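Asks: need the 3D shape of this:
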Amino acid sequence: MSSRRHFLQQTLLGGTAIAASGHIAIDAPVIIIKKSVIPAVIATWDNRKATTAAWEVLARGGRALDAVEAGARVPEADPNDTSVGYGGFPDRDGNVTLDACIMDERGNAGSVCFLQHIMHPISVARRVMEKTPHVMLVGDGALQFALSEGFPKENLLTEKARQAWEEWKKTSLYKPIINFERHDTIGLVAIDSKGQTAGACTTSGLAFKMAGRVGDSPVIGAGMYADSEAGGAAATGMGELMLRTLSSFFVVEEMRRGAHPQKAVEAAVKRIVRKYPEQSKEWQAGFVAMDKRGRYGAFSIQKGFNFAVYQQNENLLLEAGHLL
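Replies: Below is the predicted model of the structure:
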């Protein structure tokens with residue numbers, strides 16, 4: 001705990017929740033980072049196993065792109081993670097469909113949407129980036145590309161996920177739950193020892209979604225954005241909010257203009273709530289961000305969003321501030 005105090009300062013910013021007039025103010029602890037150090041990696045939710053895998057790459061002088069891919073592959077392969085990869089809850093037709101994107105330090109990007117039968121969509125997204133002239137492949141096209149690249153075809157529907165789907169079918173009621181299991185999409189941003197920034201985002205999407213639904217996670221600028229000149233950001237929550245506002249790109253642009261990452265993510269959340277006040281009462285949107293100096297921030301609409309940071313040989317789990 002003492003080492004944390006060396007570079008963390010917690011500041012309370014008082015305020016009220018959303019008022020009838022639509023005015024908003026912060027009413028939660030906000031973490032402000034005083035010391036700037038790289039390499040470092042940040043991830044949405046309690047993904048400390050993922051940040052550990054990423055840190056192992058960074059600590060030996062590895063590339064940020066390799067770090068975020070290694071980190072994203074951890075929850076993708078976890079059958080107990082019901083919101084990412086293998087074990088992810090299916091759509092309403094019982095199919096596990098995966099979305100992912102990745103972005104390197106030079107602004108190159110790759111993405112896959114509605115990918116089935118492949119455990120590691122983040123690695124397929126990287127192949128799209130590195131081996132095709134395209135940014136995004138979807139559906140059967142993404143599957144055929146993955147198979148041509150040697151990825152094995154697998155059944156991703158675990159017994160736990162199948163039982164949850166069978167239970168859901170009794171009512172077929174579709175209502176997204178805020179902070180479901182305190183986990184959701186994993187987004188990562190890493191800065192390596194050379195100052196290169198990379199980002200990754202991977203998910204199985206909303207449980208029991210309409211067949212064909214794709215959220216923000218595979219969309220560059222919505223679910224994730226990385227830029228070595230400014231830094232990177234990643235999002236989690238109800239993807240439709242991020243799709244409508246390209247919030248991860250917005251966060252990075254705020255940092256490019258000189259904003260601290262904490263202030264940048266706060267601005268993104270306030271912008272969403274200002275534009276969509278009614279939906280913001282029912283939905284969650286959370287962001288993590290890290291600038292090129294290794295400073296970071298996190299913030300969400302609703303209470304309950306946490307995040308992991310690996311920096312200075314310490315893997316931290318922290319609570320983000322919130323707006324409502």
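Asks: what about the strands in the stretch 101-250 of the chain?
Replies: 109-115, 136-138, 186-191, 197-203, 224-227, 231-237 (DSSP state E, counting those that start in this stretch).
Asks: list the contacts of the residue nearest the centre of the chain.
Replies: Compute the mean C-alpha point of the chain, and by Cα atoms, centre = their mean the closest residue is residue 187, 2.3 Å away. Contact partners of residue 187, counting by Cβ atoms under 8 Å, 6 or more residues apart in numbering, are 43-44, 199-201, 217, 223-224, 234-236, 248, 288. For the C-beta atoms, the positions are set from N, CA and C on the backbone; glycine is no exception.
Asks: which of the residues in the helix or strand residue 56 falls within are buried?
Replies: Per DSSP states H and E, residue 56 falls inside helix 48-59. Neighbour counts over helix 48-59 (16 or more other Cβ atoms under 10 Å) mark 48, 49, 50, 51, 52, 53, 54, 55, 57, 58 as buried.
Asks: wait, doesn't the fourth one sit right on residue 44?
Replies: No. With contact defined as Cβ atoms under 8 Å, residue 51 and residue 44 do not form a contacting pair (10.5 Å).
Asks: identify the contacts common to these two.
Replies: With Cβ under 8 Å, 6+ apart as the test, residue 51 and residue 44 both reach residue 188.
Asks: save the buried residues of helix 48-59 as a markdown table, and put in pLDDT too.
Replies: Listed next are the buried residues of helix 48-59 as a markdown table, based on pLDDT from 0 to 100:
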| residue | pLDDT |
| --- | --- |
| 48 | 98 |
| 49 | 98 |
| 50 | 98 |
| 51 | 98 |
| 52 | 98 |
| 53 | 98 |
| 54 | 98 |
| 55 | 98 |
| 57 | 98 |
| 58 | 98 |
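Asks: now tabulate those in JSON lines and tack on distance to residue 78.
Replies: Compiled in JSON lines, those are given as follows (distance: Cβ to Cβ, whole Å):
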{"residue": "48", "distance to residue 78": "13"}
{"residue": "49", "distance to residue 78": "8"}
{"residue": "50", "distance to residue 78": "9"}
{"residue": "51", "distance to residue 78": "14"}
{"residue": "52", "distance to residue 78": "13"}
{"residue": "53", "distance to residue 78": "12"}
{"residue": "54", "distance to residue 78": "15"}
{"residue": "55", "distance to residue 78": "18"}
{"residue": "57", "distance to residue 78": "19"}
{"residue": "58", "distance to residue 78": "21"}
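Asks: re the thing from before, of the contacts of residue 187, just say which sits nearest to residue 144.
Replies: residue 217 (21.2 Å; Cβ to Cβ).
Asks: in contact with that closest one, which residues?
Replies: Per Cβ under 8 Å, 6+ apart, neighbours of residue 217: 99, 100, 101, 185, 187, 201, 202, 203, 205, 223, 224, 239.
Asks: go again using 10 Å as the cut-off
Replies: 84, 98-101, 111, 113, 121, 184-187, 200-205, 223-224, 234-236, 239, 242-243 (Cβ atoms under 10 Å, 6 or more residues apart in numbering).
Asks: could you measure from it over to residue 237?
Replies: For residue 217, the distance to residue 237 equals 11 Å [Cβ to Cβ, to the nearest Å].
Asks: can you check residue 71 too?
Replies: Counting by Cβ to Cβ - residue 71 and residue 237 are separated by 19 Å.
Asks: the two: which has the busier surroundings?
Replies: Taking other Cβ atoms under 10 Å, residue 71 and residue 237 do not tie; residue 71 has more neighbours (32 against 26).
Asks: isn't that one right up against residue 62?
Replies: No. Taking contacts as Cβ atoms under 10 Å, residue 71 lies outside contact range of residue 62: 11.7 Å.
Asks: sketch out the low-pLDDT regions of the stretch 51-200 of the chain for me.
Replies: 176-182 (pLDDT under 70).
Asks: now stretch 262-278, how far from the chain's geometric center?
Replies: Relative to its chain's centre, stretch 262-278 lies at 17 Å (Cα atoms, centre = their mean, to the nearest Å).
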